[in-house]
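S.K.: any chance you could fold what I've pasted below:
(one chain, ligands or ions: 2)
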Amino acid sequence: MSTVITHIGELHTQDPARGADAVLHDAAVIIEGERIAWLGSSTQAPDADEQFDAGGRAVLPGWVDSHSHMVFAGDRTAEFEARMAGQSYQAGGIAVTTGATREASDYELTRLLLARVAEAAAGGTTYLETKTGYGLDVEQEARSARIASTVVDEVTYLGAHLVPDGIDADAYTDLVCGDMLAAVRPYVQWADVFCERGAFNEEQSRRVLTACRDAGLGLRVHGNQLGEGPGVRLAVEFGAASVDHVNYLSDDDVASLAGTWTGWDRASGTGERGTVATCLPACDLSTRQPLAPGRQLLDAGAEIALASNCNPGTSFTSSMNFCVTTAVLQMGLSVQEAVRAATYGGALALGRHVGRDADGQRAVGSIAVGHRADLHLLNAPSATHLAYRPGMPLTAAVWRAGVSLAGRG
Ligand SMILES: N=CN[C@@H](CCC(=O)O)C(=O)O
Ligand SMILES: [Zn+2]
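M.R.: Numbers count the residues shown, from 1 in each chain. Ligands and ions are numbered 1, 2, ... in the order given. Model prediction:
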């Protein structure tokens, strides 16, 4: 089965191999099964089984949301209201969600997760990471990991989210590095640690990262969210794929993140990759933290991603459109930079920016022959409308791995 999408006003390929020609005008794309089979000028498009006329509207790669916490029950409206009344965000709120999550049945947790993933997809997200971290004991973390692995694309083990009541921090860290890690291992590809005041200190974070690396997991770090600290330094030292939040960065932090990309050719997307700095603008607004310095990171030569951080405490939204809008209006990114960070940047953070027919794993976050057919049709002639028309319903249609998910309007 093949579909040709014609009359695309702007096709944002995000394919580094195309260099300056990465945005095509009056373009067409052919989807064949789950893959992109052809792209080029609309006037030269070959025939396909099905036709779809984009009517001059813009097409982007589906959003790659590389940071979310969607396996949970309950909500934290009261905490949000208190924050809006002036209280500051504290890591301890995680315990409230842990209580509600432990109470929920497998059926309920799965149902909630499916509903959240469907909401994200309706907003243009076609590739999604999510984390454990609201179970916080061996059985519950394994359960969260198992449920997540049946629903989302990539699962991250975040047993090191908060030290639960009734156990000493070092004993809990031992558990995270031992029995809990063994129990979640079959279900996860990544590990993360909340390296922050009120969560895990440098020594505990180092132990978690070492154990998870030795277990063969890719690494990421929640770092520098609530103040300067060792998160970025550890992420760079361990060669983590990403460090996320990055609100409070010293000049050294910025330089060391940029330094991880010195062997990388950004223009062609080749060379030795480094540690992606993942900015979470919806979270920054919801916690009234300063927005992450995405502009400064890009200017220094670092690669950045934008992600939703969808979770009940700090960012109860999966809207990547909103994140892109905010990155342009508030963080000083151009539309091109923001769209790249929310597509190709997210794929880089998840190591899914490469992969074609022969690899058995298709690249996501960019549109090229052999990549996964993840497409986002905007109800607008250009991607600029994402920032120019904030909050408007601009997602017109979504294809995930070649399957039409949302809208055909
Ligand atoms: N910062 C740590 N974890 C989440 C928030 C978790 C929560 O408060 O429930 C975050 O990324 O913001
Ligand atoms: Zn998070």
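
S.K.: tell me the pLDDT at the one residue in the stretch 201-350 of the chain that gets nearest to ligand 1?
M.R.: The stretch 201-350 of the chain approaches ligand 1 most closely through residue 313 (2.3 Å), counting by CB to the nearest ligand atom. Every residue, glycine included, has its C-beta placed from N, CA and C. With respect to pLDDT, residue 313 scores 97.

S.K.: now do the one 5 residues further on
M.R.: Per-residue confidence at residue 318 stands at 98 (pLDDT).

S.K.: which strand or helix spans it?
M.R.: Using DSSP states H and E, residue 318 falls within no helix or strand.

S.K.: what do you get for the one 10 residues further on?
M.R.: With elements delineated by DSSP H and E, residue 328 resides in helix 320-331, which encompasses its position.

S.K.: contact residues of the stretch 251-400 of the chain facing ligand 1?
M.R.: Contact residues (CB under 6 Å from any ligand atom) of the stretch 251-400 of the chain with ligand 1: 283, 309, 311, 312, 313, 314.

S.K.: of those, which is the nearest to residue 57?
M.R.: residue 309 (28.6 Å; CB to CB).

S.K.: ok, that closest one to residue 134 distance?
M.R.: 14 Å (CB to CB, to the nearest Å).

S.K.: overlap in contacts, these two.
M.R.: residue 69 (CB atoms under 8 Å, 6 or more residues apart in numbering).

S.K.: in a strand, residue 52, correct?
M.R.: Yes. Assignment of residue 52 by DSSP: H, G, I helix; E, B strand; the rest coil places it within a strand.

S.K.: from ligand 1, how far out is it?
M.R.: Using CB to the nearest ligand atom, to the nearest Å, residue 52 is found at 37 Å from ligand 1.

S.K.: from the chain's centre, how far out does the helix or strand harbouring residue 6 sit?
M.R.: Counting by DSSP H and E, the element that carries residue 6 is strand 2-12. Relative to its chain's centre, strand 2-12 lies at 25 Å (CA atoms, centre = their mean, to the nearest Å).

S.K.: so how far is the helix ranked longest in the chain from its chain's centroid?
M.R.: Of all the segments assigned as helix in the chain under DSSP state H, the longest by residue count is helix 106-122. Here helix 106-122 is found 17 Å from its chain centre; the criterion is CA atoms, centre = their mean.

S.K.: and it, which residues are buried?
M.R.: 109, 110, 112, 113, 116, 117, 120, 121, 122 (16 or more other CB atoms under 10 Å).

S.K.: alright, that wraps it up for me.
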